[in-house]
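Participant: just coords:
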Ligand code: ADP
Ligand code: MG
């Protein structure tokens, strides 16, 4: 049996994605909540033509009812989604291309950044009625993989983990912290559950359960704020026939719901949460340092400074298609968080990732069905 492994260097996931393999940056504005309206908030964000974000000149002064005027600022992103945008549109614009890439054997990463309450979990997980990017991506993967698999022999595996207080935990099997180690696929969490999924229906329930296992702590900012970074990894594998060869394609999609990016100052500084806040900041700070180093084209990128950046190493600087969704609130009460998020997102636009590579195994085509079954078994043994 001849099994050749080839790593093919290919271009960006979609030819019409401008600027090649730089990170794609999107902004999503959520609707104003009733609570914010009742607190006297005004809208301080305007989206123009699905591109431009205009942060208007209202800032909270000292109490919740007085505003001072400050100069407005324009930001421009790949796409900016106004309040009423449907989950499906967000998925199609931000992530569908990456799913297509995964099916071609390339890795992809989407991460949501923003303050607590800005809409990260809604965008990523969503609700049963309005499922988010995680669920829509898996649904799309299942649909396409079944269409394209030449022998019905395909698999979709899920892993769901959190980084909290510089500790990595399995959200599908809560227990002892996991240890990170390097292998040829990059940084992996040893012993992490790889759940084989068979249908989209079971995925929502599984992820909701996983999300309930996420570490949340009551803080002054938001009673149920998520203090952890949650990472869903989806590995899809299937086989296609191509000019007499049997190709095994493997692609990984990472979907990341980051912890709230607001400053630790807004939370209780004197208790456990100040240590925790420092660690959340450490991860996000490390992420910012890596982004700065990547933007400046530095040789050394400080991935090792936090668990989060160790896990994101492949996604930021590696051969991967990467998308960032910055979530913002329209409320003048969240002006400074929104301003920080937009500055951060603006900076992230400058990151260039390495050219995407294809993970593909080429096998000589067997002549009969019996041989084909044998081949599949042998490939499984090798894996
Ligand atoms: P985060 O994860 O950033 O802390 P959430 O996703 O939990 O924020 O959103 C906070 C609240 O706002 C939730 O009640 C959520 O349902 C609601 N929400 C967020 N984004 C949207 C949206 N685009 N449309 C409708 N409701 C939203
Ligand atoms: Mg959340």
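Facilitator: Perfect, I can see it now. Predicted model, so just to flag it, every value in this text is computed and none were measured. Ligands and ions are numbered 1, 2, ... in the order given.
Participant: Please work out how many residues are found near residue 181.
Facilitator: 10 (other C-beta atoms under 10 Å). Any C-beta I mention is one placed from the backbone N, CA and C, and that applies to glycine too.
Participant: Flag the shaky bits of this structure, pLDDT-wise.
Facilitator: Across the chain, the stretches falling below the confidence threshold (pLDDT under 70) are 1-21, 57-70, 217-225, 263-281, 318-319, 353-383.
Participant: tell me the helices in it, going along the chain?
Facilitator: Using DSSP state H, the helices of the chain run over residues 34-38, 87-94, 96-103, 120-124, 133-148, 200-212, 272-295, 307-317, 335-348, 369-382.
Participant: Which among the ones you listed is found nearest to ligand 2?
Facilitator: Proximity of the helices of the chain to ligand 2 was assessed by C-beta to the ion; the nearest stretch is helix 120-124, lying at 3.2 Å.
Participant: circling back to that earlier point, now the helices of the chain as JSON lines including mean neighbour count and distance to ligand 1?
Facilitator: Conversion of the helices of the chain to JSON lines gives the following (neighbours: other C-beta atoms under 10 Å; distance: least, C-beta to the nearest ligand atom, whole Å):
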{"stretch": "helix 34-38", "mean neighbour count": "12", "distance to ligand 1": "10"}
{"stretch": "helix 87-94", "mean neighbour count": "18", "distance to ligand 1": "8"}
{"stretch": "helix 96-103", "mean neighbour count": "22", "distance to ligand 1": "18"}
{"stretch": "helix 120-124", "mean neighbour count": "24", "distance to ligand 1": "3"}
{"stretch": "helix 133-148", "mean neighbour count": "20", "distance to ligand 1": "12"}
{"stretch": "helix 200-212", "mean neighbour count": "16", "distance to ligand 1": "10"}
{"stretch": "helix 272-295", "mean neighbour count": "19", "distance to ligand 1": "13"}
{"stretch": "helix 307-317", "mean neighbour count": "23", "distance to ligand 1": "16"}
{"stretch": "helix 335-348", "mean neighbour count": "20", "distance to ligand 1": "10"}
{"stretch": "helix 369-382", "mean neighbour count": "13", "distance to ligand 1": "39"}
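Participant: could those helices go into a markdown table alongside distance to ligand 2?
Facilitator: Putting the helices of the chain into a markdown table (distance: least, C-beta to the ion, whole Å) gives the following:
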| stretch | distance to ligand 2 |
| --- | --- |
| helix 34-38 | 16 |
| helix 87-94 | 15 |
| helix 96-103 | 21 |
| helix 120-124 | 3 |
| helix 133-148 | 12 |
| helix 200-212 | 8 |
| helix 272-295 | 13 |
| helix 307-317 | 15 |
| helix 335-348 | 14 |
| helix 369-382 | 38 |
